[in-house]
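Colleague: Kindly return the folded structure for what I paste below:
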Amino acid sequence: MGREPYAYKLYTPGRAVYRPKWRPRPEVWLSADRAMIAAQDADDPGAIAVAAWYYAHVYRASNQVDAAEQVLTDAASMLDPTGGPEQAARWGQLHLGLALGHAKAGRAGQAWRAWDAAEATAARLGDRYAHPWLMFGPAAVAAYGVTVEIDLVRPGEAIRRATATDYSSLPSHTRRATHLIDAARAYLMRGEDVAAVHLLGRALRESVDTVRHRPHARMAVLELAGRRGTVGEDARELALAIGLDG
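Modeller: Numbering: from 1, shown residues only. Prediction:
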């Protein structure tokens, strides 16, 4: 509405966030911008929370972890985690986002404090709870614990958590594939190639599109495809399946 695309100051509750206009893939920023603006125009804290979750992913992908933290913190301050399942799920989801950001920045203590807050919230919602479309719940929190350990570059702890995680309890093929890719990353970091290629194969069976479009999955498949023996053969089959044949 009269603003210059990808260069304007976007209001978030509490403070303003500035983005440089040179960031890649402007359609991703545009999607995040529109979601946040629509949520703010509706004056709906729940919608703002969901928009903030997506916005934080985009910020982290651009290595703007402080901006991601700001958006998540501001949105979480508008919610009451004891105010019913909808508010609790959104509040918990935002704290998962905070955990991921702190882990990416190497702040282990802060990452696990945020993750603990999400875990406690999920536990209050019940062992079998899963938000119908956010998918927040105990299973998702456990799976994101693996991601936190990977981002903290602690593959041994990530593998320990992965072996204790029931991925089949995640009520979404896309989410199962995403978290299986993260488990594969942990094994790859430890040089356990057989486990890594097995988990990437499982992820592919859950969702071809997720594996095809996740950069971490594509990089892992390309790395494993260069191995000798069965691992390389299996990885090259995965590469063909996701379009990495040239």
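Colleague: Of all the residues in the longest helix seen in the chain, which ones are buried?
Modeller: If you go by DSSP state H, the chain has its longest helix at helix 85-104. Within helix 85-104, the residues that count as buried by 16 or more other C-beta atoms under 10 Å are 87-104. Using the backbone N, CA and C atoms, a C-beta is placed for each residue, glycine as well.
Colleague: Same check on stretch 113-132?
Modeller: Quick answer for stretch 113-132 (16+ other C-beta under 10 Å): 114, 115, 117, 118, 119, 121, 122, 125, 129, 130, 131.
Colleague: Can you name the residues in contact with that stretch?
Modeller: Residues from elsewhere that reach stretch 113-132, judged by C-beta atoms under 8 Å, 6 or more residues apart in numbering: 81, 85, 88-89, 91-93, 95-96, 98-99, 102, 136-141, 144-145, 148, 170-171.
Colleague: let's go with 6 Å and repeat that
Modeller: Outside stretch 113-132, the residues within contact range by C-beta atoms under 6 Å, 6 or more residues apart in numbering are 81, 85, 88-89, 92, 95-96, 98-99, 137-138, 141, 148, 171.
Colleague: From residue 137, how far off is residue 37?
Modeller: Distance check for residue 37 against residue 137: by C-beta to C-beta, to the nearest Å, it reads 29 Å.
Colleague: between those two, which one's more packed in?
Modeller: residue 137 (24 against 15; other C-beta atoms under 10 Å).
Colleague: Now that one: phi and psi?
Modeller: Phi and psi for residue 137, reported as degrees, to the nearest 10, are phi 170, psi 180.
Colleague: quick one: contacts for it?
Modeller: Counting by C-beta under 6 Å, 6+ apart, residue 137 touches 122, 129, 130.
Colleague: With residue 161 instead?
Modeller: Taking C-beta under 6 Å, 6+ apart, we find residue 161 in contact with 145, 146.
Colleague: Before I go, just wanted to say thanks for your time.
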